[in-house]
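In: with the input below, show me the fold.
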Amino acid sequence: MTRTSPSHAELVGTADRLPALTAVLAGLALAVLLPSLATSIANVGLPAMAESFGASFRAVQWIVLAYLLAITTLIVGAGRLGDVLGRRRLLLAGIGTFTTASLMCALSPTLGWLIAARVLQGLGAAAMLALAMAFVAQAVPRARTGSAMGLLGTMSAVGTALGPSFGGGLIIGFGWRAVFAVNVPLGVLALVLAHRTLPADRPRANGARRRFDYPGTLLLAVTLGVYALAVTSVSGGIFGPLNLGLWLVAVAGLSLFVLVEARTADPLIRLAMFRDAGFGTGLITNLLVSTVMMTSLVVGPFHLSGALALGPGAVGLVMSAGPVVAALMSAVAGRAVDRLGAPRMVVAALIVVISGCAGLSAAPVRWGIPGYVVPLVVVTTGYAIFQAANNTAVMSEVRPDDRGLASGMLNLARNLGLITGASVMGAVFALASGPADVTLALPDDVARGTRWAFAVAALLVTAGLAVVVGRRAPAAGGSAATGHRGA
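Out: Residues are numbered from 1 along each chain as shown. All right, here's what the predicted structure looks like:
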């Protein structure tokens, strides 16, 4: 007997039944958790992989970089392709690709094979991240959208933060191949849940099919890839000759992309979307807040070990406070968004993040671990609320046919923020610490670098808050007319 997928109307009509909604959210949560976990879980295994393949550290770094570049360059195109071909179909294909590539990574006989498999894994991850969020607006009742967005945001944050410690345990017990093999059974579970619970793709009301913008997709992918290389390359420093050349190519690529999109009948990105105050502001603030979160992941270990003299085990334990708080806050943040409204909670979340960054910048070293953990918890709490509120606000404003694209762009903004935070904010920390090698800096120098890094982070989020408040005022008059386009 063949089982057919539930329609949108059938699923929404039964969504109040907890088992049905739980199964939908479980599948979407896994679709976000797995690619987020794969972002950071491989880092801890790089030394073992270098030894296994007899490769240099610079060579094995491409195991991480290839995956990030694949996601960054393809995620917007994956979201739009889901809008054109069908989100359910492409999400299932993405999960299958990710799972197959994970098995290929685990069985890789050479470093080149592993890097190629990581690119394929990134392709699947791009589809998973772009389309999981798009399904929330389609498959979850509007009254529970905030809670669902909070869950997916939490899965993303927890997956990224949990990777190093989880991967370390797997390597100790089973070797480096286990960090990739663990995705296989979890990917199969995600595929089964998604196939059984997600609503079938709906035909367009007018029967017309939108064409996919291949030239625009290629241009954007190249531009994003060059930008990612510009901010991650360490040759000559972030503003060295090579990087300056990459920056110029990225700017030229972006300019050409805008020209092409303005002349395309079915563009990858409708430039008019950026005239919407909520959409553009949501992307900007998502990038800025993600930059701050990566600051805590990059600066935190150096501060805890260099300024507070903690050992590796204690550093890992203190750093785990972030993902634990994110997990605990997901339900609370989502319910608050559903009850109080997304725009109001975005403002509140940004204020909380600013307060936490200010605390990390101002806390003296003599306050020890509590002086770092308490403001870190404040930052993470604000981040959990922000993800639920901002994602809900953006996805509720876009047209149903643009949800895949909007989800892809939200994830792109987050990914660019993570890449930028790791590079730029890491450079701020290193510059403020004094010595060329941060590992040789004195405790007071490390503490000074931490203060400056989080002071800059607070200013960045303050700029985002100013944009939110400034753009909400002129948009208020037109909100009644445009506030429910996604309905």
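
In: show me what the helix or strand harbouring Leu131 is packed up against.
Out: For Leu131, the host element (DSSP states H and E) is helix 111-139. Contact here means 3 or more CB pairs under 8 Å, 6 or more residues apart in numbering; DSSP states H and E; on that basis helix 111-139 packs against helix 8-13, helix 18-41, helix 46-53, helix 62-85, helix 87-106, helix 145-174, helix 368-397, helix 403-420. Yep, even glycine has a C-beta here, placed from its N, CA and C like the rest.

In: now do the fourth one, average pLDDT.
Out: If I follow you right, that is helix 62-85. The pLDDT scores in helix 62-85 average 81.

In: one step back: in the helix holding Leu131, what counts as buried?
Out: Buried residues in helix 111-139, counting neighbours by 16 or more other CB atoms under 10 Å, are found at 111, 114-139.

In: between helix 46-53 and it, find me the angle.
Out: On the basis of axes from the mean of the first three to the mean of the last three CA atoms, to 10 degrees, helix 111-139 is oriented at 140 degrees to helix 46-53.

In: so how far is stretch 187-199 from its chain's centroid?
Out: Distance of stretch 187-199 from the chain centroid (CA atoms, centre = their mean, to the nearest Å) equals 22 Å.

In: if we can go back for a sec, which one of the helices and strands packed on helix 111-139 has the lowest average pLDDT?
Out: Looking at the helices and strands packed on helix 111-139, the bottom one is helix 8-13 with a mean of 44.

In: single out the most deeply packed of the helices and strands packed on helix 111-139.
Out: Mean neighbour counts were taken over the helices and strands packed on helix 111-139 using mean count of other CB atoms under 10 Å, and the top value, a mean of 26, falls to helix 403-420.

In: quick one: Val378 from Leu220, how far?
Out: Using CB to CB, to the nearest Å, Val378 is found at 36 Å from Leu220.

In: again but with Leu131, I slipped
Out: Taking CB to CB, one finds Leu131 at 18 Å from Leu220.

In: average model confidence for the biggest helix by length in the chain?
Out: Looking across the chain with DSSP state H, the single longest helix is helix 443-475. Mean per-residue pLDDT for helix 443-475: 85.

In: go on, stretch 329-347?
Out: Across stretch 329-347, the average pLDDT comes to 81.

In: residues contacting it, please?
Out: 143-151, 153-154, 278, 285, 380-381, 384-390, 392-393, 396, 465, 468-469, 472 (CB atoms under 8 Å, 6 or more residues apart in numbering).

In: that stretch: how far from the chain's middle?
Out: Its chain's C-alpha centre and that of stretch 329-347 lie 19 Å apart, by CA atoms, centre = their mean.

In: show me what counts as buried in that stretch.
Out: Going by neighbour count (16+ other CB under 10 Å), the buried part of stretch 329-347 is Met329, Ser330, Ala333, Gly334, Ala336, Val337, Asp338, Ala342, Pro343, Met345, Val346.

In: out of these, which comes closest to Gly54?
Out: Ser330 (43.0 Å; CB to CB).

In: that older thread, could you give the angle of the helix holding Leu131 to helix 87-106?
Out: 160 degrees.

In: tell me the angle of helix 111-139 relative to helix 62-85?
Out: Using the same axes, to 10 degrees: helix 111-139 against helix 62-85 is 40 degrees.

In: and helix 111-139, how far from the chain's centre?
Out: Using CA atoms, centre = their mean, the offset of helix 111-139 from its chain centre is 12 Å.

In: again with stretch 70-88
Out: That offset, for stretch 70-88, works out to 15 Å (CA atoms, centre = their mean).

In: with just CA atoms, put that stretch into PDB.
Out: Written as PDB, here are the backbone C-alpha positions of stretch 70-88 (Å, rounded to 0.1, in the frame of the first residue of the first chain):
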ATOM      1  CA  ALA A  70      30.000  25.200  -0.400                       C
ATOM      2  CA  ILE A  71      27.200  26.300   2.000                       C
ATOM      3  CA  THR A  72      28.000  30.000   1.600                       C
ATOM      4  CA  THR A  73      28.000  30.000  -2.200                       C
ATOM      5  CA  LEU A  74      25.100  27.700  -2.700                       C
ATOM      6  CA  ILE A  75      22.500  28.500   0.000                       C
ATOM      7  CA  VAL A  76      20.700  31.300  -1.700                       C
ATOM      8  CA  GLY A  77      20.500  29.400  -5.000                       C
ATOM      9  CA  ALA A  78      19.200  26.300  -3.100                       C
ATOM     10  CA  GLY A  79      16.500  28.300  -1.400                       C
ATOM     11  CA  ARG A  80      15.300  29.800  -4.700                       C
ATOM     12  CA  LEU A  81      15.500  26.400  -6.500                       C
ATOM     13  CA  GLY A  82      13.200  25.000  -3.800                       C
ATOM     14  CA  ASP A  83      10.700  27.800  -4.600                       C
ATOM     15  CA  VAL A  84      10.900  26.900  -8.300                       C
ATOM     16  CA  LEU A  85      11.000  23.100  -8.300                       C
ATOM     17  CA  GLY A  86       9.300  22.300  -5.000                       C
ATOM     18  CA  ARG A  87      10.600  22.700  -1.400                       C
ATOM     19  CA  ARG A  88       9.800  19.200  -0.200                       C
END
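
In: and Leu244, how many residues sit next to it?
Out: By other CB atoms under 10 Å, the residues close to Leu244 number 14.

In: helix, strand or coil for Leu310?
Out: Three-state call for Leu310 (DSSP: H, G, I helix; E, B strand; the rest coil): coil.

In: tell me who's in contact with the closest residue to it other than its chain neighbours.
Out: Of all residues not flanking Leu310 in the chain, Leu304 sits nearest, at 4.7 Å (CB to CB, 6 or more residues apart in numbering). Leu304 makes contact with Leu310, Ala314, Val315, Val318, Met319, Ile369, Tyr372, according to CB under 8 Å, 6+ apart.

In: give me the distance between Leu304 and Leu360.
Out: When Leu304 is compared with Leu360 (using CB to CB), they lie 12 Å apart.

In: which residues are common contacts for these two?
Out: Common neighbours of Leu304 and Leu360 (CB under 8 Å, 6+ apart) are Tyr372.

In: buried set for the strand or helix carrying Leu229?
Out: Take DSSP H and E as the rule and Leu229 turns out to sit in helix 214-232. Neighbour counts over helix 214-232 (16+ other CB under 10 Å) mark 216-217, 219-232 as buried.

In: closest one of the buried residues of stretch 329-347 to Phe429?
Out: Relative to Phe429, the closest of the buried residues of stretch 329-347 is Met329; by CB to CB it sits at 26.3 Å.

In: which strand or helix spans the closest one?
Out: helix 321-340.

In: how far does the next helix or strand after that helix sit from the chain's center?
Out: Sequence order places helix 342-362 as the next helix or strand after helix 321-340, per DSSP H and E. Helix 342-362 sits 19 Å away from the centroid of its parent chain (CA atoms, centre = their mean).

In: so what's the spatially closest residue to Ser156 that is not a sequence neighbour up against?
Out: Leaving out its chain neighbours, the residue that sits closest to Ser156 by CB to CB, 6+ apart is Ser36, at 4.7 Å. Ser36 makes contacts with Leu129, Met155, Ser156, Ala157, Val158, Gly159, Thr160, Gly163, as judged by CB under 8 Å, 6+ apart.
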